[in-house]
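# here are the coordinates; sequence isn't available:
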């Protein structure tokens, strides 16, 4: 939400002539004058509407299956600190709909400046604040990275250290439609010697995005066998992400005429302010780290050493984002006599697809009579990617300062 600074004191904005009228009124009363009953309240009442509306059908899945720390020492030493196998089935979120309707909002009238001995009245403010959120997003975070494995074997033993990233499979992910609709009628500050402000503040968010983050990178594997066989594996795990489809995201905001209340002949009119932040998001963001880690195998001149720090295989199925539509309509905005008229609109429609994959090879070091080191990048397959239409439309009527 955007927070407005409090309105400056009305007296500061008054002219010297207006202050003279006030002093004259006080002097007349002190001299024993008999003022007539005031025909209205000196200060008009404020009209305030505050609405927070949230519709949430989102899904959030967080998995930590990372490998820990493993250490083995012996004639036959094997240490495993692999990331665990993670399989997430189909994820489907339903539709989320937030609808807010506010009728006409009018601040009460304060006293006019005539006759001069009456108190100077402040028109009441009219304020409408709406926070509307429709969320049908899916967020999946998986950590299946390898840990740290160390294996030490005797002179003629065999050492094997594994710190591979675990296999990760994320099934079909489908998000429902998200719709946020906010309608505000005419908003008018009350008239008075000092006009009341008319303020409309709206934050509208429609989110049907999908965010998938997977870390299946290899860890650190170290194997030592002076005369035997040393094998160290720190490969990135295979990652498979099924079809990802995001629903439509629609944010619609309509604001009627916003008019600051009129001030008197010597009093400033009220400000008219409209602030709208509208966001429609049906994007898909996929980040995969299946890079190789660090593998070190040491064997003596008569042993054999194998070190593997390959990037894992990554397969991402079809990705399709739904349409994103942000529509903001603001009617005529007019400051009361002498009052400012301000319209600030931020409108965002996002149906983009962002896919980042790191399947690079890590660091493999092998030393021995027979030494083999592999640090290959993994194969990466990304299916069709289709983004929906994104439309942001802003319409603002006449805007006139008083």
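Received it, and whenever you're ready, just let me know what you need. Keep in mind that what you see is a predicted model, and the values were worked out from it rather than measured.
# gap between the two ends of stretch 139-148?
Distance across stretch 139-148, first residue to last, is 28 Å (Cα to Cα, to the nearest Å).
# same question for the strand or helix carrying residue 159, mean pLDDT?
If you go by DSSP states H and E, residue 159 is part of strand 148-162. Computed over strand 148-162, the mean pLDDT rounds to 92.
# strands paired with that strand, and their directions?
Here strand 148-162 is paired, per DSSP bridges, with strand 69-80 (parallel), strand 220-225 (parallel), strand 229-233 (parallel).
# immediately after that strand, which helix or strand?
Strand 148-162 is succeeded, C-terminally, by strand 168-170 (DSSP H and E).
# re the thing from before, please dump the strands paired with strand 148-162 into JSON lines; it should also carry mean neighbour count for every row.
For the C-beta atoms, the positions are set from N, CA and C on the backbone; glycine is no exception. JSON lines is the format used below for the strands paired with strand 148-162 (neighbours: other Cβ atoms under 10 Å):
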{"stretch": "strand 69-80", "mean neighbour count": "17"}
{"stretch": "strand 220-225", "mean neighbour count": "28"}
{"stretch": "strand 229-233", "mean neighbour count": "27"}
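# out of the ones you listed, nearest to residue 345?
Taking Cβ to Cβ, strand 220-225 is the member of these nearest to residue 345, at 52.0 Å.
# which residues touch the closest one?
77, 79, 81, 146-154, 157-163, 230-234, 293-300, 303, 305, 307 (Cβ atoms under 8 Å, 6 or more residues apart in numbering).
# for stretch 56-70, same thing?
Taking Cβ under 8 Å, 6+ apart as the rule, stretch 56-70 contacts 79-86, 88, 91, 93-96, 133, 135-150, 161, 163-164, 166, 176, 215, 219.
# do me a favour and get the end-to-end distance for it?
End-to-end for stretch 56-70, by Cα to Cα: 42 Å.
# buried ones in that stretch?
By neighbour count with 16 or more other Cβ atoms under 10 Å, stretch 56-70 contains the buried residues 57, 58, 59, 63, 65, 66, 67, 70.
# narrow these to those in strands?
59, 63, 70 (DSSP state E).
# show me which of the residues you listed is closest to residue 252.
residue 59 (24.8 Å).
# what's opposite that closest one in the beta bridge?
residue 138.
# how about residue 50?
Beta-bridge pairing of residue 50, defined through DSSP bridges, involves residue 129.
# quick one on the thing from earlier: let's have the ones in strands among the buried residues of stretch 56-70 in CSV, adding distance to residue 171 and pLDDT.
Converted to CSV, these look like this (distance: Cβ to Cβ, whole Å; pLDDT from 0 to 100):
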residue, distance to residue 171, pLDDT
59, 12, 98
63, 13, 98
70, 30, 97
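# ok, residue 108 - how many residues close by?
When neighbours are counted by other Cβ atoms under 10 Å, residue 108 registers 23.
# meant to ask about residue 132, not that
Count around residue 132 with other Cβ under 10 Å applied: 24.
# that one and residue 332: what is the separation?
Residue 132 sits 23 Å away from residue 332, taking Cβ to Cβ, to the nearest Å as the criterion.
# for residue 264, helix, strand, or coil?
Recorded secondary structure, residue 264: coil (DSSP: H, G, I helix; E, B strand; the rest coil).
# thinking again about what came up before, among the contacts of stretch 56-70, name the buried ones.
79-84, 86, 88, 91, 93, 95-96, 133, 135-140, 142-150, 161, 163-164, 166, 176, 215, 219.
# shaky segments in the stretch 201-350 of the chain?
For the stretch 201-350 of the chain, not a single residue meets the criterion pLDDT under 70.
# per-residue pLDDT, residue 112?
At residue 112, the predicted lDDT confidence score is 69.
# over to residue 32?
Note on residue 32: pLDDT of 45.
# for stretch 381-399, buried residues please.
Using 16+ other Cβ under 10 Å as the test for burial, stretch 381-399 gives 382, 385, 387, 388, 390, 392, 394, 396, 397, 399.
# same check on stretch 297-314?
For stretch 297-314, a neighbour-count test (16+ other Cβ under 10 Å) marks 297-300, 303-314 as buried.
# can you give me the end-to-end distance of that stretch?
Across stretch 297-314, first to last residue, Cα to Cα, it's 26 Å.
# how far does that stretch sit from its chain's centre?
Mean-position distance between stretch 297-314 and its chain equals 44 Å (Cα atoms, centre = their mean, to the nearest Å).
# what residues of stretch 284-298 count as buried?
Across stretch 284-298, burial judged by 16+ other Cβ under 10 Å covers 284-286, 288-298.
# with adjacent residues omitted, what lies nearest to residue 341?
Once flanking residues are discounted, residue 341 sits nearest to residue 335: 4.2 Å by Cβ to Cβ, 6 or more residues apart in numbering.
# where's that neighbour relative to residue 400, distance?
Distance, residue 335 to residue 400, by Cβ to Cβ: 7 Å.
# which residues are in contact with both of the two?
Residues touching both residue 335 and residue 400 (Cβ under 8 Å, 6+ apart): residue 341.
# who has more neighbours out of the two?
A side-by-side neighbour count of residue 335 and residue 400, using other Cβ under 10 Å, places residue 335 first with 28 against 12.
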